[in-house]
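J.: What shape does this take:
(one chain, ligands or ions: 1)
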Amino acid sequence: MAASRLTLAVETGALPLPAQGRIGLFRARPDHDLSAFPAERLHIVQGFCPHYRSLAAQGLDCSVAPEGPYAAVLVAATRSKEETLGLIAEALAETQPGGLVAVDAQKTEGAEALLKACKRALDVEDVISKAHGKLFTLRRPETLPETVAGWAKAAAARPGAGGFVTRPGIFSSDGADPGSVLLADHLPDALKGRVADLGAGWGYLSHRLLALEAVTQLDLVEAEHAALESARANITDPRAHFLWEDATSWRPGAVYDAVISNPPFHTGRAADASLGQAFIRTAAAILKPGGQFWMVANRQLPYERTLEAAFREVETVAETPAYKIFRAARPAPPSKRGARPT
Ligand SMILES: C[S@@+](CC[C@H](N)C(=O)[O-])C[C@H]1O[C@@H](n2cnc3c(N)ncnc32)[C@H](O)[C@@H]1O
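T.: Residues are numbered from 1 along each chain as shown. A predicted model of the protein is given here:
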């Protein structure tokens with residue numbers, strides 16, 4: 001959907017790409033059709049590891065943070081309005097005065113609200129409404145209005161509930177997720193040795209696990225760069241290691257004594273159980289034969305069959321109206337664990 005809007009915007013001149021200079025694409029995803037853009041002048045800014053790797057594999061120049069100045073920037077909206085306004089503020093700051101900043105958003109990403117917020121602060125030049133979303137353009141003024149500095153401030157990392165650093169757009173940025181709290185409350189004191197936290201977010205679960213002295217190493221595996229940076233700020237324990245990886249396909253050099261996880265269950269806005277199922281297979285693949293996997297899941301998610309295929313021992317340790325806590329042990333041989341996602 002976004003593909004046709006982007007292409008149309010370039011082809012109709014509503015998104016007039018500069019004849020020279022670098023073009024920043026903030027939060028571009030592999031499902032965006034970038035064929036109308038000059039690939040050799042693009043700079044992709046994407047902090048989500050699977051998207052980053054997929055775009056880099058297409059030969060595109062990718063970074064996790066802006067590296068301006070740019071002649072123009074296209075911001076692809078995320079699910080968080082605060083995060084997207086922060087990206088627009090960054091785009092304006094990194095674009096030369098007079099340069100173009102474009103914003104592409106689906107209706108479900110709050111396209112209308114973003115347009116309104118931008119119209120209140122800046123001169124919006126053009127608006128294209130197509131395929132359940134909008135693309136609009138701004139010119140970078142010589143001096144940026146105060147409102148834009150406010151957007152940047154509101155999107156920045158900062159200490160929140162419990163004193164933990166988080167930032168808008170990352171999972172449970174307003175405080176610890178109740179599912180993670182429940183899992184942390186059920187982790188046995190006997191956990192020890194090398195542990196991995198798959199989808200570690202800003203580090204709540206990992207922080208709780210590190211209360212156990214017998215844990216000698218904890219690898220926080222997280223795909224969202226901004227979340228991992230928050231985890232780094234929250235956890236200064238030398239046993240912790242921070243790995244920017246795609247946990248669905250990540251395979252470390254050495255196996256673990258325990259794996260813990262509150263796996264993701266969304267791709268964009270859509271519920272997606274296949275992510276959690278892939279996390280379960282990774283857990284089975286990276287555990288020692290005597291290792292244990294502890295996970296929390298929203299109770300309606302279909303994880304039992306995947307757990308039973310991947311492990312020979314599966315137990316539901318606790319159930320609440322919202323969540324289930326599973327403990328699994330004795331990983332099944334690779335051929336029995338079900339498909340490994342590509
Ligand atoms: C449900 S949250 C749990 C976060 C954290 N453990 C906590 O307790 O707050 C799932 C996390 O998985 C991350 N994630 C999503 N896809 C991922 C992937 N393919 N590989 C690694 N992490 C991923 C998300 O960014 C998010 O931080």
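J.: Flag every residue of the stretch 101-250 of the chain that's near the ligand.
T.: Residues of the stretch 101-250 of the chain lying close to the ligand (CB under 6 Å from any ligand atom) are 171-172, 177, 180, 199-201, 204-205, 221-224, 227, 246-248. The way it works is simple: take the backbone N, C-alpha and C, and place the C-beta from them, glycine included.
J.: and whichever strand or helix holds residue 92, anywhere near the ligand?
T.: In this assignment (DSSP states H and E), residue 92 forms part of helix 81-94. No: judged by CB under 6 Å from any ligand atom, helix 81-94 stays clear of the ligand, getting no closer than 12.7 Å.
J.: sorry, back to before: in helices, which of the residues of the stretch 101-250 of the chain next to the ligand appear?
T.: Cross-referencing those against helices under DSSP state H gives 180, 204-205, 227.
J.: who wins for most neighbours among those?
T.: Using other CB atoms under 10 Å as the neighbour test, these are led by residue 205, with 28 neighbours.
J.: Quick check: closest non-adjacent residue to that residue.
T.: residue 180 (4.9 Å; CB to CB, 6 or more residues apart in numbering).
J.: With residue 313 instead?
T.: Residue nearest to residue 313 in three dimensions, not counting chain neighbours: residue 329, with 4.3 Å by CB to CB, 6+ apart.
J.: Which stretches in the stretch 151-300 of the chain count as helices?
T.: All helices of the stretch 151-300 of the chain, identified by DSSP state H, counting those that start in this stretch, fall at 178-186, 204-209, 225-234, 273-286.
J.: Would you confirm that residue 207 contacts residue 234?
T.: Yes: here residue 207 reaches residue 234: they are 6.2 Å apart, a contact under CB atoms under 8 Å.
J.: Residues in contact with both of these two, list them for me.
T.: Here residue 207 and residue 234 have residue 164 as joint contacts, going by CB atoms under 8 Å, 6 or more residues apart in numbering.
J.: contacting residues for the closest residue to the ligand within the stretch 1-150 of the chain?
T.: In the stretch 1-150 of the chain, the residue that lies nearest the ligand is residue 50 (5.4 Å; CB to the nearest ligand atom). Applying CB under 8 Å, 6+ apart to residue 50 gives the contacts 223, 246, 248.
J.: tell me the pLDDT at the second one?
T.: Spelled out, that is residue 246. On pLDDT, residue 246 comes in at 98.
J.: Read off the pLDDT value for the residue nearest the centre of the chain.
T.: Nearest to the mean C-alpha position of the chain, by CA atoms, centre = their mean, lies residue 224 at 3.6 Å. Listed pLDDT for residue 224 reads 97.
J.: hang on, isn't it packed against residue 48?
T.: Yes: with contacts defined as CB under 8 Å, residue 224 counts as touching residue 48 at a distance of 5.6 Å.
J.: between those two, what contacts are shared?
T.: By CB under 8 Å, 6+ apart, no residue touches both residue 224 and residue 48.
J.: Many thanks, we can stop here.
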